[in-house]
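In: Let's see this in three dimensions:
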Amino acid sequence: MEWYLKVVRDNYANFDGRATRQEYWMFILFNIIFAIALLFIDQSATLYFIYLIIIIIPSFAVSVRRLHDIDKSGWWILINMI
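Out: Numbering: from 1, shown residues only. This is a model prediction of the structure:
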């Protein structure tokens, strides 16, 4: 949980630096857990979509920092979107 909070609270839009493998995967794990929990709590999925909008910037930021850790450019995310 501390890794998730570190990404969301301390590095919300920080695209510089590096993210360790543990930081990245713990963020992804808790992100999936929270998203599934919100889908079960709110059947209309309103909270889920609000959560997705809030979490999109930290998701990109931690992904770019993880790419920096493996010596790749953050622009590689664009290739993933195509």
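
In: State the mean pLDDT of the helix or strand in which Ser63 is found.
Out: Counting by DSSP states H and E, the element that carries Ser63 is helix 46-69. If you average the pLDDT over helix 46-69, you get 94.

In: can you check stretch 73-82 too?
Out: Stretch 73-82 carries an average pLDDT of 88.

In: Mind listing what's buried along that stretch?
Out: Using 16 or more other C-beta atoms under 10 Å as the test for burial, stretch 73-82 gives Gly74. Quick note: C-beta positions are derived from backbone N, CA and C, even for glycine.

In: Just the residues contacting it, thanks.
Out: Phe15, Phe60, Ser63, Val64, Leu67, His68 (C-beta atoms under 8 Å, 6 or more residues apart in numbering).

In: Gly74 versus the residue nearest to the spatial centre of the chain, what's the distance?
Out: The chain has Ser59 as the residue nearest its centroid, 2.5 Å off, counting by C-alpha atoms, centre = their mean. Counting by C-beta to C-beta, to the nearest Å, the gap between Ser59 and Gly74 amounts to 13 Å.

In: ditto for Met81
Out: Taking C-beta to C-beta, one finds Met81 at 12 Å from Gly74.

In: With Leu67 instead?
Out: Leu67 sits 5 Å away from Gly74, going by C-beta to C-beta.

In: Report all helices and strands that the helix holding Ser63 contacts.
Out: Judged by 3 or more C-beta pairs under 8 Å, 6 or more residues apart in numbering; DSSP states H and E, the packing partners of helix 46-69 are helix 21-41, helix 76-81.

In: what about Val64, how many neighbours?
Out: Neighbour count for Val64, taken as other C-beta atoms under 10 Å: 22.

In: Test my guess that it contacts Asn14.
Out: No - if you go by C-beta atoms under 8 Å, Val64 and Asn14 don't touch, sitting 9.1 Å apart.

In: any idea how far stretch 13-21 is from the chain center?
Out: Taking C-alpha atoms, centre = their mean, to the nearest Å, the mean C-alpha location of stretch 13-21 is offset from the chain mean by 11 Å.

In: Pull out the buried residues from that stretch.
Out: Neighbour counts over stretch 13-21 (16+ other C-beta under 10 Å) mark Ala19 as buried.
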